[in-house]
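1. Coordinates only, no sequence provided:
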Ligand SMILES: Cc1cc2nc3c(=O)[nH]c(=O)nc-3n(C[C@H](O)[C@H](O)[C@H](O)COP(=O)(O)OP(=O)(O)OC[C@H]3O[C@@H](n4cnc5c(N)ncnc54)[C@H](O)[C@@H]3O)c2cc1C
C-alpha cells in the first residue's frame, strides 16, 4: 500500500515522483512499462532517432490519415525511464503567453511562469523569464553547425528578425535553440528529476511494469493492476492514483478501466465505471513538413558517429554528437492579423528524412515547418479490450483549411530560406520537396510527406464543462481518487515544443496534489516588483 501510485515515468511522472516524495511522510510508487534508461544512445543527443522502433519506443502509428493520402504516420513515444523526454530532440521552448491564457483559470501565463522558472536551471542565469538552480538543465547547444548558422543568416537576409531567446519577451524570429542538456548530454526528466532522488526511502520505482487497468471500489480509484512479464501485480493507493501515460496511452488506460463512452466500452465487454464522453477525443499535434537538400561540403552531421567524436563526447561532453540535430529554428506569422506566430521552423544540419526512420546517405540539410495552432482534431480509441494491444489513433492531420493555409505558406518560406543567401550557396540541389513553389505543388508534397512534430496533446482535456475529462485540478470527473497529469490534459497545444510545458504543468500539479498554495498566489502576496510584459 502506497499513498500515491503514479503510472508512467515520463516527463510528467518523473516530476511528480520527485515532488510528491519530497515529503518523507508520504510513500510514492512510480510504475513504468519500459526499462531503465541505461542505453547509451538515450544520453547521446545526436542519436535520438536511432532510438526509433527500438525497445525504448512504443512505436505507435496512425491507422490511416484521410487528409494525408491515407498514409499510416509513425508516432514515436518513449518507453523507458524519462518517457518521451528520453528520446526527444531536446529543444527547450515554452510556447506563447497566449497559449496559457487560453487554458483559463489556474493555468494562465502569469500562473504558469513561476513553474517554468521553478523547474529551470538555465545556463544564462536567472531573470524575469528564467530560473536557475531548478532540476531541468537548459543550455546553449554545444555543437553549432556552420549549416545552422547559414540557415540563420539566410533567414535574416530575407528580412526575418533575429531572436536570441524564444522564451523571453518575443517569440517571433530566428535563432539557435536552447536545449535540455547538462554538460553536453541529454537532460531528460529522469536525469533531471528521478535519478537524483532514487535513494529516497519513501520512493519506489518499478520498471517493466505495464499498467493494464485501474482498480475501483465504490467509485474510487484504489490501485493499479499491472503486469511484469507474465506476472500480474496489484498495487494499492491510499490517497490517489495518478495516470501519466502520455497522450496516446493515458486515454487508452482510462478506457480499458471503464471510463469512456458506455456504448463503445460495452461493445468490447468492458464494465463501465463512469461515463466520460470525450476520453480520447480532441487529439491534436503540430503537423510538420519541409524539404531536404544535398551539399558537397563535408560539414553536416553525416558520418559524425565515429570513434573520435564518441571519445570527445565521453571525455569532454563536446563535439558534433552533442548536437540535438534540430539546432536552430524560429517562429513566423504567415499572414497579417495573427496574434502570435503560426509556424515554427526546425533546421537540421543533416538529411532528416522519411520520418527520421531512414538515415540520410550523404551530406545535406533539412528544414521543416510546422503549424503551431492546428485546428484539425483526431482521436485515440480502443480497438480491442486487450490492454497490451496498441490503441487506434487517427490524427486527421491537414483536415482543417486553416492548417493547410499555414502549412503552404510556412513550407514556401522555408523553401525560400533554403534557396537563398549562404544556405542557397551551400546547397547543390533539393533531394525531397515540392516540384515548384505553387500552392498546388506544395500542398501535394505536404500531404504526401507530412509527419508528426511529436507534440500530441488533448485526449484527456482539462476544463470546467461536463465534457472535460479532468477538472482544473486535473481530477478525473465522475470518480474519486484519480488524476491525469501529462500532455493529454492540455486543452490546446502550446505554440512550441511540449516537453518544457509538460514539466511545468506537472510542477503545478504537484502543488495542487499536495494542497499547497500555487506559486503565483504566493508571489502575489509579496510586494509587486516592476517587470517587463510576459512573452508573447
Ligand atoms: C521523437 C520525439 C521528439 C520530440 N522532440 C521534442 C523537443 O525537441 N522538445 C520538446 O519540448 N518536446 C519534444 N517532444 C515532445 C515531448 O518529449 C513530449 O511532449 C513529452 O515528453 C510528453 O510527456 P508526457 O509526460 O505527457 O508523456 P511521456 O513522456 O511520453 O511519458 C509517458 C510515460 O508513461 C509510460 N507508460 C505509458 N503507458 C503505460 C502503462 N500502461 N503502464 C506503465 N507505463 C506506461 C511510458 O512508457 C512513458 O514513460 C518530442 C517527442 C518525441 C517522441
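-> Looks like it arrived, so ask away. Just so we're clear, the structure is a prediction, and the values are computed from it rather than from any experiment.
2. So which residues on the stretch 151-300 of the chain come close to the ligand?
-> 210, 211, 244, 245, 246, 249, 253 (CB under 6 Å from any ligand atom). In short, each C-beta sits where N, CA and C put it, glycine included.
3. Between the residues you listed, which sits nearest residue 203?
-> residue 244 (14.7 Å; CB to CB).
4. thinking the closest one is in contact with residue 485, fair?
-> Yes: counting by CB atoms under 8 Å, residue 244 touches residue 485, with 5.4 Å between them.
5. quick one, which of those two is more surrounded?
-> A direct count of neighbours by other CB atoms under 10 Å for residue 244 and residue 485 places residue 244 higher, at 31 against 28.
6. what sits against the more buried one?
-> With contact set as CB atoms under 8 Å, 6 or more residues apart in numbering, residue 244 has these partners: 6-10, 12-13, 16, 250, 484-486, 506.
7. For those residues, give me TSV that also has pLDDT and secondary structure.
-> Formatted as TSV, these follow (pLDDT from 0 to 100; DSSP: H, G, I helix; E, B strand; the rest coil):
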residue	pLDDT	secondary structure
6	99	strand
7	99	strand
8	99	coil
9	99	coil
10	98	coil
12	99	helix
13	99	helix
16	99	helix
250	99	helix
484	99	strand
485	99	coil
486	99	coil
506	98	helix
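8. Now which of the residues you listed would you call buried?
-> Neighbour-count burial (16 or more other CB atoms under 10 Å) is assigned, among the contacts of residue 244, to 6-10, 12-13, 16, 250, 484-486, 506.
9. For the protein, list the residues in contact with the ligand, please.
-> Near the ligand, when you scan the chain using CB under 6 Å from any ligand atom, you find 7-13, 31-34, 76-79, 83-85, 87-91, 210-211, 244-246, 249, 253, 454-455, 486-487, 497-500, 502.
10. Residue 477: neighbour count?
-> Using other CB under 10 Å, the number of residues around residue 477 comes to 18.
11. mind checking how far it is from residue 275?
-> 9 Å (CB to CB, to the nearest Å).
12. what's the pLDDT at the residue in the stretch 251-400 of the chain positioned nearest to the ligand?
-> Nearest residue of the stretch 251-400 of the chain to the ligand, counting by CB to the nearest ligand atom: residue 253, 5.2 Å away. With respect to pLDDT, residue 253 scores 98.
13. Touching, it and residue 213? I think so.
-> Yes: between residue 253 and residue 213 a contact is recorded at 7.2 Å, counting by CB under 8 Å.
14. neighbour count winner among the two?
-> Under the neighbour definition other CB under 10 Å, residue 253 and residue 213 were set side by side, and residue 253 has more, 23 against 19.
15. before we move on, back to that, can you pick the most crowded of the residues of the stretch 151-300 of the chain next to the ligand?
-> Most surrounded of those: other CB under 10 Å gives residue 244, at 31 neighbours.
16. all helices for this protein, in order.
-> Using DSSP state H, the helices of the chain run over 11-20, 40-43, 97-103, 109-119, 146-157, 189, 246-256, 262-267, 307-316, 401-418, 421-426, 439-449, 499-514, 519-524.
17. Show me what the second one is packed up against.
-> Pointing back at helix 40-43 there. strand 185-186 (3 or more CB pairs under 8 Å, 6 or more residues apart in numbering; DSSP states H and E).
18. so where is the stretch 1-150 of the chain shaky, pLDDT-wise?
-> For the stretch 1-150 of the chain, not a single residue meets the criterion pLDDT under 70.
19. Strands of that one, start to end?
-> 2-7, 28-31, 60-61, 74-75, 120-122, 136-140 (DSSP state E, counting those that start in this stretch).
20. so which of those strands comes closest to residue 350?
-> Nearest of those (CB to CB): strand 74-75, 17.9 Å.
21. burial of the nearest residue in space to residue 241 that is not next to it in sequence, as a residue count?
-> In this structure, residue 241 finds its nearest non-sequential neighbour in residue 221, 4.3 Å apart by CB to CB, 6 or more residues apart in numbering. Counted with other CB under 10 Å, the neighbours of residue 221 add up to 24.
22. contacting residues for residue 221?
-> Contact analysis of residue 221 by CB under 8 Å, 6+ apart lists 214, 215, 237, 240, 241, 476, 479, 480, 481, 482.
23. My guess is residue 153 contacts residue 425. True?
-> No: with contact defined as CB under 8 Å, residue 153 and residue 425 do not form a contacting pair (10.4 Å).
24. Please identify which of the two sits among more neighbours.
-> For residue 153 versus residue 425, neighbours defined as other CB under 10 Å are more numerous around residue 153 (16 against 10).
25. contacting residues for the more buried one?
-> Shown in contact with residue 153 (CB under 8 Å, 6+ apart): 421, 422, 423.
26. ok, the second one - contacts?
-> By that I understand residue 422. Contacts of residue 422 (CB under 8 Å, 6+ apart): 149, 150, 153, 154, 157.
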